[in-house]
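A.B. asks: How does the following fold in three dimensions:
(2 chains)
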Amino acid sequence: MQKIAVIDYGMGNLRSVSKALEHVAENAEVVVSADASVIESADRVVCPGQGAARDCMAALQQTGLAQTVLDIAGTRPFLGICMGYQVLLTHSEENGGVDCLNIVPGEVTRFAEPLFDAGSRLKVPHMGWSEVRHVRDHALWSGIEDASRFYFAHSYYCVPQDDAAVAGSCHYGHDIAVAVTAPHLFACQFHPEKSAGDGLQLLKNFANWDGR
Amino acid sequence: MGLAKRIIPCLDVDAGRVVKGVKFLDIRDAGDPVNVARGYNEAGADEITFLDITASSDNRDTIVHVVEEVASEVFIPLTVGGGIRAVEDVRRLLNAGADKVGINTAAVNRPDLVREATDKVGAQCIVVALDAKSVSAPGEPPRWEIFTHGGRTPTGLDAVEWAVRMAEYGAGELLLTSMDRDGTKVGFDLALTKAITDAVEIPVIASGGVGNLDHLCDGVLKGGADAVLAASIFHFGEYTIAEAKAHMAAQGIEVRM
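C.D. replies: Got it, this is the predicted structure:
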């Protein structure tokens, strides 16, 4: 039986993520853990996250789990969700500037306010269901139609340096990179655990992903 | 295509049970929050709001267990409001699986709670609920005041100014209920809705007064709302979520089908 570890660094809604994984991966043991050895022993790792960048990075540093994430990056399938995506980048401008893990080179930046699209003002946070375009084929898009809607709730967005890393995009004022990938890594700004059937399909795909 | 306008059924929960009944969903126990939430998820609801109306403090913890159970089986956003007094209450509900927590009276009593909560858990998790009532005399420019305790207690706060202040304090979203319209089925107070949506940059959920599907469209097209919340028209099977979405789409409103 494979083991999927959900990293618990004290920042929010782990229950939904772990329950959604249990829901789709019947052959897996899903563990929520703050223990580096448990996480390192898992076949797959999920890093969720909620809240402000400063608090999330501080929590990752204080628990030593920042190093764990760096150590396991690239060694087994890893899924970052929402803040768990943003902390992978180099730096976030939230809270006056926060250094992040630099696993995916790039910046996390705030939506402009006011934010306009075709003359109409858009709300910030970007909250609700937006279409996600498949920028490239990926195992995690399997069974999910291009431009399916996923649930978002964020005021900051990721700008990865390498366009080739972008797996999915969403138009909110402008195109934003809402999913990135690298060997053994997939990270998304939206919440698959809150995105009904398509979100569950993505988690199921992750549970079966060989990392390539 | 951009962001879909959301349709949010709202369920009153008393001591762990859904009250007011849900008649249309083909479920065995319409008082069980998990059954009801699952039914609405399958019906295509974009989000579900639970309003905890439990009066007894003995039963306050039951809402946490309700959220745990629902979040274990229903994978769409859940908002929970009612009885929130401290940041700790917010955290417990988020940890139980809620995505957003609604704060109402506690924000009026101590506005800094909103700042503290958004600082801790992020703006996207904090919904400030505004219960507003028209207080202008006929012929005067329209003015609305914030009320608490189900519309019984005036606060002296101007609704538009309060909305702007709560947005400044970091609220991620506003749930705006017209106490004049709540339960009347004559439609949203559109002047109120428009006054608030014009005044803030954050998303606004319109609530109070929905009696038919045109009202939902008006809330978006005339009121400028980002989401529409309704209870009775869905609970009693007058309309399905799918009918509501089809009707809105036919009026040119972007919805998640």
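A.B. asks: Enumerate the beta-bridge partners assigned to the residue nearest the centre of chain B.
C.D. replies: Centroid-nearest residue in chain B, with Cα atoms, centre = their mean: B:Leu175, separated by 4.8 Å. Note on B:Leu175: beta-bridge partners B:Ala129, B:Ile205, judged by DSSP bridges.
A.B. asks: My guess is it contacts B:Ala132. True?
C.D. replies: No - look at B:Leu175 against B:Ala132 with Cβ atoms under 8 Å: they stay out of range, at 11.0 Å. (Glycine included, C-beta is placed from N, CA and C.)
A.B. asks: Tell me which other helices or strands the helix ranked longest in chain A touches.
C.D. replies: With residue count as the measure and DSSP state H as the assignment, chain A has helix A:196-208 as its longest helix. The contact analysis (3 or more Cβ pairs under 8 Å, 6 or more residues apart in numbering or on different chains; DSSP states H and E) places helix A:196-208 against helix A:14-24, strand A:44-47, strand A:148-154.
A.B. asks: Might you calculate how far that helix sits from the centre of the chain?
C.D. replies: Taking Cα atoms, centre = their mean, to the nearest Å, one finds the center of helix A:196-208 at 13 Å from the center of the full chain.
A.B. asks: With stretch A:96-104 instead?
C.D. replies: Centre-to-centre, stretch A:96-104 and its host chain are 14 Å apart (Cα atoms, centre = their mean).
A.B. asks: Between the two ends of that stretch, what distance do you get?
C.D. replies: Distances were taken as Cα to Cα, to the nearest Å; on that basis the terminal residues of stretch A:96-104 are 20 Å apart.
A.B. asks: confidence score at residue 36?
C.D. replies: Just so you know, I chose chain A. With respect to pLDDT, A:Ala36 has a value of 96.
A.B. asks: Sorry, I should have been clearer: chain B.
C.D. replies: Model confidence at B:Val36, expressed as pLDDT, equals 92.
A.B. asks: Secondary structure element holding it?
C.D. replies: Assignment of secondary structure by DSSP states H and E places B:Val36 within helix B:33-43.
A.B. asks: circling back: may I see the buried residues of the longest helix of chain A?
C.D. replies: Neighbour-count burial for helix A:196-208, with 16 or more other Cβ atoms under 10 Å in any protein chain shown as criterion, is recorded at A:196, A:198-208.
A.B. asks: Same question for stretch B:82-101.
C.D. replies: When burial is assessed from 16+ other Cβ under 10 Å, stretch B:82-101 yields the following buried residues: B:82-84, B:87, B:89-101.
A.B. asks: Quick check: beta-bridge partners of the residue most central in space within chain A?
C.D. replies: Among the residues of chain A, the one closest to the centroid is A:Ile81, at 2.3 Å (Cα atoms, centre = their mean). Under the criterion DSSP bridges, A:Ile81 forms beta bridges with A:Cys188.
A.B. asks: per-residue confidence at the residue located most distally from the centre of chain A?
C.D. replies: Among the C-alpha atoms of chain A, the one farthest from their average position, using Cα atoms, centre = their mean, is that of A:Gly119, at 30.4 Å. In the prediction, the pLDDT value recorded for A:Gly119 is 82.
A.B. asks: next one: A:Gly173
C.D. replies: Reading off the model, A:Gly173 has pLDDT 94.
A.B. asks: Any idea what the closest residue to it other than its chain neighbours is bridged to?
C.D. replies: In space, not counting the residues next to it along the chain, A:Gly173 is nearest to A:Leu115; the distance is 4.4 Å by Cβ to Cβ, 6 or more residues apart in numbering or on different chains. A:Leu115 has the following beta-bridge partners by DSSP bridges: A:Leu122.
A.B. asks: Next, the contact list for A:Leu115, please.
C.D. replies: Contact criterion Cβ atoms under 8 Å, 6 or more residues apart in numbering or on different chains gives A:121-124, A:172-173 as the residues in contact with A:Leu115.
A.B. asks: From B:Asn95, how far out is it?
C.D. replies: When Cβ to Cβ, to the nearest Å is the yardstick, A:Leu115 and B:Asn95 sit 31 Å from each other.
A.B. asks: just for the stretch 151-257 of chain B, where's the confidence low?
C.D. replies: Counting by pLDDT under 70, the stretch 151-257 of chain B contains no low-confidence range.
A.B. asks: Residue numbers of it in contact with chain A?
C.D. replies: Residues of the stretch 151-257 of chain B lying close to chain A by Cβ under 8 Å from any Cβ of the partner chain are B:172-173, B:201-203, B:226-227, B:256.
A.B. asks: could you flag which of those are buried?
C.D. replies: Once neighbours are counted (16+ other Cβ under 10 Å), the buried part of those comes down to B:172-173, B:201-203, B:226-227, B:256.
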